[in-house]
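K.L.:
Output the structure for:
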Amino acid sequence: MKHLFFLLCLWGITAHAQRNFIDIDTLSWSIQNLDVTTFRNGDEIRNAKTREEWIECLQNGIPAYCDYRNDTTLGRRYGHMYNWFAIADPRGLAPKGARVANNRDWSDLYIYTNEGVYNWANMGLVGQRLRSKEGWKNVAPGENYFEFNVLPGGYRNENGEFTGLGTETAIWVRDTMSYGVVSQGNALLSPFALFHGLKQDVLFTNDGKKTGCYVRLVIGKEFGLASKMPKRTDEEFINGYDPNAEETSEQEESKKTKKRPRKP
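P.N.:
From the prediction side, this is the model:
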């Protein structure tokens, strides 16, 4: 039996956004979907209720959130759905001390959760293992490993329509290649994890920034928020930018002391 335990009101998480967290391998994950309506600095996030408002935000790169069918009761149960520009905004969607779970975090979770699965098709059981045991309609119940409790909260599709309540859900996977540069070009990456009640595995896919998905947090640093981080081009991200590899003080000092060429 894997060792796990709850971390309630973890030190470092601001009081207005305290969450339940659980240790899974080397990471501490939230076991509820995020439901904040402001960024870390207190700025409000736009509540895009109508289909027209949702599409407007996507087309203009405006951070936005919504509840399923704009029902606050469902919002309290499943959390809020956010567009890509909300999770990538440099003001920080996650409260201080946490980050939106990124593709490295999800990769570690997938490998750890799928441990011990051996079959001829090499089929994963991550979706089945992480889904909640209750709430899924006319589908196979989940096993709720680690009390991760993935609920069938549906998602908002590319047309601004709500779909999937009771049978599937989508959770953002923050792409590390676009840390530090928020652009519609980077939003095309926008991967998310799709859980379906009839699928044993979880599908990692994207649709070019158009989906409204839920968010899970991981305790740790949110990259790309500090003003000291230099702007980088899309090409540099594509060629393997590592958000963990910050410039050292020696590198910064070298840039400051670099001599200019003499004029002839």
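K.L.:
Could you check the pLDDT of Asn206?
P.N.:
In this model, Asn206 is scored at 82, pLDDT.
K.L.:
Could you double-check that it lies in contact with Leu194?
P.N.:
No. Look at Asn206 against Leu194 with C-beta atoms under 8 Å: they stay out of range, at 9.9 Å. For glycine as for every other residue, the C-beta is placed from the backbone atoms N, C-alpha and C.
K.L.:
who has more neighbours, the two?
P.N.:
Neighbour totals were compared for Asn206 and Leu194, and Leu194 leads with 21 against 17 (other C-beta atoms under 10 Å).
K.L.:
what's the spacing between the residue lying closest to that one once chain neighbours are set aside and Asn47?
P.N.:
Nearest residue to Leu194, sequence neighbours excluded (C-beta to C-beta, 6 or more residues apart in numbering): Leu203, at 4.4 Å. According to C-beta to C-beta, to the nearest Å, Leu203 stands 28 Å off from Asn47.
K.L.:
neighbours around Arg69, how many?
P.N.:
The burial count for Arg69: 14, using other C-beta under 10 Å.
K.L.:
Glu222 against Gly97, yeah?
P.N.:
No. Using C-beta under 8 Å, Glu222 makes no contact with Gly97, being 9.1 Å away.
K.L.:
Neighbour count: those two, which is higher?
P.N.:
Using other C-beta under 10 Å, the more surrounded residue of Glu222 and Gly97 is Glu222, with 23 against 17.
K.L.:
For the strand or helix carrying Asp23, which helices and strands make contact with it?
P.N.:
Using DSSP states H and E, Asp23 sits within strand 20-24. Contacting strand 20-24 under the criterion 3 or more C-beta pairs under 8 Å, 6 or more residues apart in numbering; DSSP states H and E are the following elements: strand 6-8, strand 27-30, helix 103-113.
K.L.:
and the ones you listed, which is most packed in?
P.N.:
Across these, averaging neighbours per residue (mean count of other C-beta atoms under 10 Å) puts strand 27-30 on top, at a mean of 21.
K.L.:
wouldn't Arg51 be in contact with Phe162 here?
P.N.:
No. Proximity of Arg51 to Phe162 does not meet the contact threshold set by C-beta under 8 Å, at 9.6 Å.
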